[in-house]
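Visitor: Could you look at this predicted model? Sequence included:
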Amino acid sequence: MTETTPVGETPAAGAERPPNRRLRGVGWMIVSTVSAACMHTSVRHVSESIHPFEIAFFRLLFGFFAVLPFILRLGLAPFRTKRLPLLGLRGVLNTVAMLSWFTALTITPLAEATAISFTAPIFSIVLAMLVFRERIGPRRWTAIVIGFLGTMVVVRPGFVEIQTGALLAMGAALMWGSCVVIIKELSRTESSATITAYMSMVMAPMALVPALFHWTWPGANEIMWLIAIGCFGSLAQYSMTEALRHAETHVVMPVDFIKLVWVAVIAFLAFGEVPGLFVWLGGAMIVGATAYIGYREHNLRKRQQ
């Protein structure tokens, strides 16, 4: 799960993109899925000796250093804003989501947690309807219902005991969906650089506070893994942003399902985890619903132009 990438088109995305740009978008999305899968499995590995709250702090710290050159190149411009309260709220929600997500990764089968994380864009659609009074037609409502049914297929309440990790993963997805709605509002007046800069400045100190209660000084080997987690996370975010810039949401979002494949392969090789049929089926339902919602939004925008 990357931090906060909305469902829907990027700015000026109403027109059809040329085939070569779509291909680049798909390529960037593949890079994003590989990076995210590597980050998730790295979190699981290093959590054997480092608490997930501390891992989250270092992910934000090293991730911030990874994007710092791009922010500094713009000077003080990214730090000028009149919407500090909303930027702070986004940081708080994003921090809670990351702490919950990293904890879920340490106690839940990785493929199951990844499948549940696909619900974040669906949560954002429902929340956008409530906050912005956006109208949702019967087709998109059907897709939303199918997406949530996919979550039930993965978790199977009533058939197996719902684990704490699954609940944390769903809570993280809900928080990330909320962040997407906030970003949608912020993007009307703030640049991407401003939103990114304040995310790091708010989240890193907030994550440090709970991390201090579980602090263990990492060794040289663990530091290398923590740096890798920060770099993988930043690369996953950047790649998804580029994917949505080059191609429409309904083109690139189905590719996100490949993340489940990467996670399943790496988790099997590293930890001996084998995802069950219900994880694959539920994950496919969730991603399919998300892709259809993106497709419908794309068509609606074209009609409005």
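Guide: Thanks, I have it. Residues are numbered from 1 along each chain as shown.

Visitor: Please count neighbours and contacts with C-alpha atoms only from this point.
Guide: Will do.

Visitor: next structured bit after the worst-scoring helix or strand of the chain on mean pLDDT?
Guide: Lowest by mean pLDDT, DSSP states H and E among the helices and strands of the chain is helix 249-252, with a mean of 70. Sequence order places helix 258-271 as the next helix or strand after helix 249-252, per DSSP states H and E.

Visitor: Check which residues of the very next helix or strand once past that next one are buried.
Guide: Following helix 258-271 in sequence order, the next helix or strand is helix 277-304 (DSSP H and E). Using 16 or more other Cα atoms under 10 Å as the burial criterion, the residues of helix 277-304 that qualify are 278-280, 282-298.

Visitor: What helices and strands are in contact with helix 277-304?
Guide: helix 110-117, helix 138-155, helix 249-252 (3 or more Cα pairs under 8 Å, 6 or more residues apart in numbering; DSSP states H and E).

Visitor: So what touches stretch 227-246?
Guide: The contact list for stretch 227-246 (Cα atoms under 8 Å, 6 or more residues apart in numbering) reads 2-3, 5, 9-10, 13, 17, 21-22, 24-29, 31-36, 38-39, 42-43, 58-64, 66-67, 252.

Visitor: got it, and stretch 61-72?
Guide: Against stretch 61-72 from outside (Cα under 8 Å, 6+ apart): Pro78, Ala193, Ala197, Ser200, Ala204, Leu226, Ile227, Gly230, Cys231, Gly233, Ser234.

Visitor: what's the most distant pair in those?
Guide: Across the contacts of stretch 61-72, the longest distance by Cα to Cα is 26.8 Å; it joins Pro78 and Leu226.

Visitor: Which of these two has more residues huddled nearby?
Guide: The neighbour count for Pro78 versus Leu226, taken as other Cα atoms under 10 Å, is higher for Leu226 (28 against 19).

Visitor: Could I get the contacting residues of the more buried one?
Guide: Residues near Leu226 by Cα under 8 Å, 6+ apart: Val46, Ile55, Phe58, Arg59, Phe62.

Visitor: Met152 versus that one, what's the distance?
Guide: 33 Å (Cα to Cα, to the nearest Å).

Visitor: same deal with Arg90?
Guide: 28 Å.

Visitor: Compare the two (neighbour count), which wins?
Guide: More neighbours surround Arg90 than the other of Arg90 and Met152, with 26 against 16 (other Cα under 10 Å).

Visitor: State the pLDDT value of the more buried one.
Guide: According to the prediction, Arg90 has pLDDT 88.

Visitor: Can I get whichever strand or helix holds it in PDB, CA atoms only?
Guide: Assigned by DSSP H and E, Arg90 belongs to helix 84-107. Written as PDB, here are the backbone C-alpha positions of helix 84-107 (Å, rounded to 0.1, in the frame of the first residue of the first chain):
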ATOM      1  CA  LEU A  84      -2.000  24.200   7.700                       C
ATOM      2  CA  PRO A  85      -4.900  22.700   9.800                       C
ATOM      3  CA  LEU A  86      -6.000  20.500   6.900                       C
ATOM      4  CA  LEU A  87      -2.400  19.500   6.100                       C
ATOM      5  CA  GLY A  88      -2.000  18.600   9.800                       C
ATOM      6  CA  LEU A  89      -5.100  16.500   9.800                       C
ATOM      7  CA  ARG A  90      -4.000  14.600   6.800                       C
ATOM      8  CA  GLY A  91      -0.600  14.000   8.500                       C
ATOM      9  CA  VAL A  92      -2.400  12.700  11.700                       C
ATOM     10  CA  LEU A  93      -4.600  10.300   9.700                       C
ATOM     11  CA  ASN A  94      -1.800   9.100   7.500                       C
ATOM     12  CA  THR A  95       0.400   8.400  10.600                       C
ATOM     13  CA  VAL A  96      -2.300   6.300  12.200                       C
ATOM     14  CA  ALA A  97      -2.800   4.500   9.000                       C
ATOM     15  CA  MET A  98       0.900   3.700   8.600                       C
ATOM     16  CA  LEU A  99       1.300   2.500  12.200                       C
ATOM     17  CA  SER A 100      -1.700   0.300  11.800                       C
ATOM     18  CA  TRP A 101      -0.500  -1.000   8.400                       C
ATOM     19  CA  PHE A 102       3.000  -1.800   9.500                       C
ATOM     20  CA  THR A 103       1.700  -3.600  12.600                       C
ATOM     21  CA  ALA A 104      -0.700  -5.600  10.400                       C
ATOM     22  CA  LEU A 105       2.200  -6.600   8.100                       C
ATOM     23  CA  THR A 106       4.000  -8.100  11.100                       C
ATOM     24  CA  ILE A 107       1.100 -10.300  12.300                       C
END
